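the following comprises the amino acid sequence and a computationally predicted model.
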Amino acid sequence: MRFMNISSVLLLTFLTACASKEPVPLSGEELAAANMDANGCNRTAGLNWCTSTNQCESPWELSREEEFQATPEGFDQYCQNPVK
């Protein structure tokens, strides 16, 4: 019985200590900045930097328009992006 009481207290202490605080909501500007890469491309929206066009591009749309293989390697080759 005593073991169960100690176990219960330890479990309650552990669960209380692990309880997270309420998350702080981010502003729209903070959310947008969190999704941008170094070139300002919104990675969450599927946009990647293309050196040859000098702008953010959707790889799958660009591959369809320019008829290159729709792979990360095909995109980087078409865009002449530096090797990562």
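The structure has been received and is ready for your questions.

how close does Ala70 get to Asn35?
As for Ala70, its distance to Asn35 is 22 Å (criterion: C-beta to C-beta, to the nearest Å). Yep, even glycine has a C-beta here, placed from its N, CA and C like the rest.

buried ones in stretch 71-83?
For stretch 71-83, the buried set under the neighbour-count rule, 16 or more other C-beta atoms under 10 Å, comprises 75-76, 78-79.

now for those residues: which two are most distant?
Using C-beta to C-beta, the buried residues of stretch 71-83 span at most 7.5 Å, a distance reached by Asp76 and Tyr78.

which residues of the chain fall in helices?
2-18, 28-34, 59-66, 72-79 (DSSP state H).

looking at these, which has the lowest confidence?
When these are compared on average pLDDT, helix 2-18 comes out lowest at a mean of 58.

any idea how far Pro23 lies from Ser58?
30 Å.

the two - which one has more neighbours?
Ser58 (16 against 6; other C-beta atoms under 10 Å).

let me see the contact set for the more buried one.
By C-beta atoms under 8 Å, 6 or more residues apart in numbering, the contact set of Ser58 is 46-48.

including neighbour count, could these go into TSV?
Shown next, in TSV, are the contacts of Ser58 (neighbours: other C-beta atoms under 10 Å):
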residue	neighbour count
Gly46	13
Leu47	20
Asn48	19
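
and which of those residues is nearest to Arg64?
Closest to Arg64, out of all of the contacts of Ser58 and judged by C-beta to C-beta, is Gly46, at 13.3 Å.

the closest one reaches Cys56, doesn't it?
No: when contacts are counted by C-beta atoms under 8 Å, Gly46 is not listed as touching Cys56 (9.8 Å).
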